[in-house]
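S.K.: missing the sequence, but the structure's below:
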């Protein structure tokens, strides 16, 4: 292929991408204006999605530590990461946590959650640890209970939060958050670690190369008793579709102490509605907000549920 043909191919591909993008926007705007489906999306919800689609991701710097770990620096934050797992998603995960709330539909930084005033925070689906870093940036004195069932992340998380572990401010529970305490089959995706999930919440793909192993589960009410949780807490969940079970396992905690909640609900279309129903049934005094218009899937659905 000569230079002229290559240039024509690039122009044609750019035109195709532009047409596809505007077709998607017409679909989403029509969906919003005609109030299709079970959610009412605002103009701002759609604008946030458009902003995210054009977001410029930060660059990362990798440094080898040993045969098992590398150090990853993005902006002012440093984490450790298992070398056996792809790090391609880290800039996107960083964007989701640290980009401005006003321009980021994935942000957990809703002012109604009052992170600076929290005594304790549960980070369910801790994964690489960016949310916990974000929480410590805002509130250096809070205690974080991190739940991450992936055994591949144990060493890197302990190294990332070494000082907080020593100060007893960061506790890692290598368990999945669920409705009850027990065992569950976990599906490990080494290419996209953040997509790893319990086999109950994420259907197993035929011919999948993913690795499966059993992990223990724990529920929120057990954590309440184990860590003597009070009324001054925040719970963040990004647990790949298991959020309904997790909320059902925290009914007593929500009744008694009404912790503030930030729950990623985009994994399935009806998850936001189901989560809202569980929360309000447990404690009708909650105020619930659904944020964003997640257009990557059809039909669109909210990104995050906030409750306070």
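M.R.: On my side now, so go ahead. On a predicted model such as this, the values are computed, not experimentally measured, just so you know. Numbering: from 1, shown residues only.

S.K.: When you work out contacts or count neighbours from here on, use the C-alpha atoms and nothing else.
M.R.: OK.

S.K.: Please enumerate the helices of this structure.
M.R.: 3-33, 43-53, 90-98, 130-138, 154-160, 162-166, 220-227, 243-248, 251-257, 271-282 (DSSP state H).

S.K.: and among those helices, the most buried is which?
M.R.: helix 243-248 (a mean of 22; mean count of other Cα atoms under 10 Å).

S.K.: thinking again about what came up before, can you list the helices of the chain in a markdown table and add distance to residue 68 and mean pLDDT?
M.R.: Converted to a markdown table, the helices of the chain look like this (distance: least, Cα to Cα, whole Å; pLDDT from 0 to 100):
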| stretch | distance to residue 68 | mean pLDDT |
| --- | --- | --- |
| helix 3-33 | 39 | 84 |
| helix 43-53 | 33 | 95 |
| helix 90-98 | 17 | 96 |
| helix 130-138 | 20 | 98 |
| helix 154-160 | 9 | 97 |
| helix 162-166 | 17 | 97 |
| helix 220-227 | 31 | 98 |
| helix 243-248 | 31 | 98 |
| helix 251-257 | 38 | 98 |
| helix 271-282 | 37 | 98 |
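
S.K.: Go through the ones you listed and name the closest to residue 298.
M.R.: helix 3-33 (9.4 Å; Cα to Cα).

S.K.: by contact count, what packs against that closest one?
M.R.: On a contact count with 3 or more Cα pairs under 8 Å, 6 or more residues apart in numbering; DSSP states H and E, helix 3-33 meets helix 43-53.

S.K.: and the angle for the helix it packs on with helix 3-33?
M.R.: 160 degrees (axes from the mean of the first three to the mean of the last three Cα atoms, to 10 degrees).

S.K.: Tell me the gap between helix 43-53 and the middle of its chain.
M.R.: Taking Cα atoms, centre = their mean, to the nearest Å, one finds the center of helix 43-53 at 18 Å from the center of the full chain.

S.K.: which other residues reach it?
M.R.: 28, 29, 32, 103, 104, 105, 291, 292, 293, 294, 295 (Cα atoms under 8 Å, 6 or more residues apart in numbering).
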